[in-house]
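>>> this one's sequence-less:
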């Protein structure tokens, strides 16, 4: 019997029961006393990547990227992660936390010789993240830092066919980056096996909480052996995240780099008090006046994102939009075009507010203020990344002033407000496509003259004609169709109206 080449699902080798598995070397978290958090002795201060005692392959890749000094989150999170401790990290996006967990994972797999074990096809490290874009970015980071390590990695997420993802899993991966929804689907189908995962990482855990992924996370964690290392990173630390961390982490080392809900210090913030109808014209004016080449514009709704992008394009400003209604290929093409400079403006909903690392974004516009003040911090964090400066400009109408006060209360910063608007350009009104409907005369009959189309007569049983004319109507229909029926033979509905 020939095998179907399209059937890529495979039956994975079932590992031994968890209770019968050979014991792995004890970690510090396993032997530590039951206290909320055991202090970790950092030893010598971390001043460069060489002092972290990373593998030569990783140091070579870091040198290729031009990195010399670890960021604050990297200096505090990498040493305990290398020592096998669980880590609970609170840090904003743009602080370098992807490398804070990617480098320890790669270093561990390199030193264990996983790259040389070509018979091992089951993931040894799993990274969960909330969005497809973030999954692709994390995978790219693993490819960058592990370019000299010969380790296999792939990303699985929804919105696209799972064919190529199954194919990659069949070839074998060492590091798996996934969104919870697609991973649950593949687990239910028996396509992926997590029994050999040794390192479990949750990135942007609070965002996954907002998206309702807590139950899937617990389900996925139950598929992984309890004797694992868990790293959890979150930009904020609400009560639900603390509860999740208590259930998943064992005696974690707590790392807090950036205070909760604080914006990067090199981002200059301002707000324009402007009416809703004037926001689009003000956006055009500021983009042209400052000759902005790369900017992000955030809207509250998907329809609003499309509307803003379309009006920018009609004004000659190249723009594109990404949101949840776009397919993954459309979103990826928009991001690639924005990175390559093909469009100056990327209009987005909060789907792009986290995790996207796009270089040289000089401005971020909050066309609509977000309903959640925490989202404002994540939005403006798309600029001023890696120590660069940036400008964050918000538009606030009279209905959004309460949202502005919530943002200022959360960040503890009074945002400079501008009430006098510059002279704004006159924009053409958006085009409206109105479909004209044919006029139906009283009585329900179509006239023989005018713009309306005559109603085609009904087909009789046994006839071989065509009700559109050309071959007659009924059994003996002549050229050009049948004659209309008399009023007596019309349907009751027509007759009742004519009576």
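Here it is on my side, so go on. Keep in mind that what you see is a predicted model, and the values were worked out from it rather than measured.
>>> So what's the residue count around residue 293?
Neighbours of residue 293 under the rule other Cβ atoms under 10 Å: 13. C-beta: built from backbone N, CA, C; applies to glycine.
>>> quick one: it and residue 361 touch, right?
No: judged on Cβ atoms under 8 Å, residue 293 makes no contact with residue 361 at a distance of 9.8 Å.
>>> where along this structure do the strands fall?
With DSSP state E as the criterion, the chain has strands at 87-90, 125-128, 153-156, 175-178, 199-202, 229-234, 253-256, 267-273, 295-298, 319-322, 345-348, 363-366, 390-396, 416-418.
>>> The shortest one pairs with which strands?
This means strand 416-418. strand 267-273 (parallel) (DSSP bridges).
>>> Repeat that for the fourth one.
Each strand that pairs with strand 175-178, with its direction, by DSSP bridges: strand 125-128 (parallel), strand 153-156 (parallel).
>>> surely residue 115 meets residue 109?
Yes: in this structure, residue 115 is within contact of residue 109 by Cβ under 8 Å, at 7.0 Å.
>>> more crowded one of those two?
For residue 115 versus residue 109, neighbours defined as other Cβ under 10 Å are more numerous around residue 109 (23 against 17).
>>> So the more buried one versus residue 52, what's the distance?
To residue 52, residue 109 is 16 Å away according to Cβ to Cβ, to the nearest Å.
>>> With residue 398 instead?
Distance of residue 398 to residue 52, given as Cβ to Cβ: 53 Å.
>>> Between these two, which has more neighbouring residues?
Remark: of residue 398 and residue 52, residue 52 carries more neighbours, 20 against 9, as counted by other Cβ under 10 Å.
>>> Now do the more buried one, the pLDDT please.
Per-residue confidence (pLDDT) for residue 52: 90.
>>> still on that earlier bit, could you dump the strands of the chain to JSON lines with mean neighbour count and mean pLDDT?
Listed next are those as JSON lines, based on neighbours: other Cβ atoms under 10 Å; pLDDT from 0 to 100:
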{"stretch": "strand 87-90", "mean neighbour count": "25", "mean pLDDT": "93"}
{"stretch": "strand 125-128", "mean neighbour count": "26", "mean pLDDT": "98"}
{"stretch": "strand 153-156", "mean neighbour count": "24", "mean pLDDT": "96"}
{"stretch": "strand 175-178", "mean neighbour count": "27", "mean pLDDT": "97"}
{"stretch": "strand 199-202", "mean neighbour count": "24", "mean pLDDT": "98"}
{"stretch": "strand 229-234", "mean neighbour count": "24", "mean pLDDT": "95"}
{"stretch": "strand 253-256", "mean neighbour count": "20", "mean pLDDT": "92"}
{"stretch": "strand 267-273", "mean neighbour count": "18", "mean pLDDT": "93"}
{"stretch": "strand 295-298", "mean neighbour count": "26", "mean pLDDT": "95"}
{"stretch": "strand 319-322", "mean neighbour count": "24", "mean pLDDT": "94"}
{"stretch": "strand 345-348", "mean neighbour count": "27", "mean pLDDT": "94"}
{"stretch": "strand 363-366", "mean neighbour count": "24", "mean pLDDT": "95"}
{"stretch": "strand 390-396", "mean neighbour count": "23", "mean pLDDT": "94"}
{"stretch": "strand 416-418", "mean neighbour count": "11", "mean pLDDT": "93"}
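>>> Export these as CSV, with columns for distance to residue 373.
Below are the strands of the chain laid out as CSV (distance: least, Cβ to Cβ, whole Å):
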stretch, distance to residue 373
strand 87-90, 17
strand 125-128, 26
strand 153-156, 31
strand 175-178, 29
strand 199-202, 23
strand 229-234, 16
strand 253-256, 20
strand 267-273, 13
strand 295-298, 14
strand 319-322, 23
strand 345-348, 18
strand 363-366, 11
strand 390-396, 12
strand 416-418, 16
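>>> Give me the pLDDT for the residue nearest the centre of the chain.
By Cα atoms, centre = their mean, the chain has its centre lying nearest to residue 131, at 3.2 Å. On the pLDDT scale, residue 131 is placed at 88.
>>> That one against residue 349, yeah?
No: judged on Cβ under 8 Å, residue 131 makes no contact with residue 349 at a distance of 11.4 Å.
>>> which residues are common contacts for residue 115 and residue 109?
149, 151, 174 (Cβ atoms under 8 Å, 6 or more residues apart in numbering).
>>> measure the second one to residue 79 for me?
Just to be clear, that refers to residue 151. When distance is defined by Cβ to Cβ, residue 151 is 22 Å away from residue 79.
>>> Likewise for the last one?
Taking Cβ to Cβ as the measure, residue 174 falls 23 Å from residue 79.
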